[in-house]
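Participant: predicted coordinates and the sequence they were generated for:
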Amino acid sequence: MVIVSCSAIGLSAKKYLSSRKNTLKSFIVAFQTVRSEILYRNADIPTLTELVCTHCGGTAAQFFDMIMSEGYSVMSSFNKNILFLKNAGLTDEDLSRIKEALFVLGRYDGSLQAERLENSIKSMENALSGIADEEVNKGKIYTALGITVGIMLVILLI
């Protein structure tokens, strides 16, 4: 029982890394969609948020749904829902990247918005590649550590 509990803790730490990866992926897809819409259709912010909610999935779609339902500006919604994003596994650096992308929406002409979104997307993709390596290495460590601690506790209890 103790071994299983400690192993579960190790696996939950590994799951946290996966959560961060999936959340970043969802924001990359969302910002790619937004970038395309800005470049080729000149869509407004309400249209963009609705499009992300219907065509993208994951945490990004939930976040953009919050923007739509709350009626705040994009940046106000970001600041209001930062805890939601942190609970989705994002680090402060990830939040900074997302904030940078959200900041340009509706502020500049379409080509400048698209350029800044592209820079943010590339930054997120770089972070995502680092997460993949981290997930492989640290995921194994967390799992092994959980099992080891469980075995040590059993030995101590005997």
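Facilitator: Structure's in. What do you need?

Participant: quick one: least confident helix or strand in the protein?
Facilitator: Counting by mean pLDDT, DSSP states H and E, the chain has its least confident helix or strand at helix 2-40, which shows a mean of 75.

Participant: the lengthiest helix in the chain packs against which elements?
Facilitator: Counting by DSSP state H, the longest helix found in the chain is helix 110-157. Contacts defined by 3 or more Cβ pairs under 8 Å, 6 or more residues apart in numbering; DSSP states H and E place helix 110-157 against helix 2-40, helix 92-104. In short, each C-beta sits where N, CA and C put it, glycine included.

Participant: what residues does the one residue sitting closest to the centre of the chain make contact with?
Facilitator: Among the residues of the chain, the one closest to the centroid is Thr23, at 2.9 Å (Cα atoms, centre = their mean). Going by Cβ atoms under 8 Å, 6 or more residues apart in numbering, Thr23 touches 58-60, 85, 88-90, 94.

Participant: what's the distance between Asn79 and Leu39?
Facilitator: According to Cβ to Cβ, to the nearest Å, Asn79 and Leu39 sit 27 Å apart.

Participant: neighbour count: these two, which is higher?
Facilitator: Each of Asn79 and Leu39 has its neighbours counted (other Cβ atoms under 10 Å); Leu39 has more, 16 against 11.

Participant: which one is that one nearest to, not counting chain neighbours?
Facilitator: Excluding the flanking residues, the one nearest Leu39 by Cβ to Cβ, 6 or more residues apart in numbering is Ala114, at 4.7 Å.

Participant: ok so, going back, export the contacts of Thr23 as JSON lines, with columns for neighbour count, distance to Asp109 and pLDDT.
Facilitator: Converted to JSON lines, these look like this (neighbours: other Cβ atoms under 10 Å; distance: Cβ to Cβ, whole Å; pLDDT from 0 to 100):
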{"residue": "Gly58", "neighbour count": "16", "distance to Asp109": "29", "pLDDT": "85"}
{"residue": "Thr59", "neighbour count": "23", "distance to Asp109": "29", "pLDDT": "85"}
{"residue": "Ala60", "neighbour count": "25", "distance to Asp109": "24", "pLDDT": "86"}
{"residue": "Leu85", "neighbour count": "20", "distance to Asp109": "28", "pLDDT": "88"}
{"residue": "Ala88", "neighbour count": "20", "distance to Asp109": "31", "pLDDT": "85"}
{"residue": "Gly89", "neighbour count": "19", "distance to Asp109": "34", "pLDDT": "83"}
{"residue": "Leu90", "neighbour count": "22", "distance to Asp109": "29", "pLDDT": "86"}
{"residue": "Asp94", "neighbour count": "22", "distance to Asp109": "27", "pLDDT": "89"}
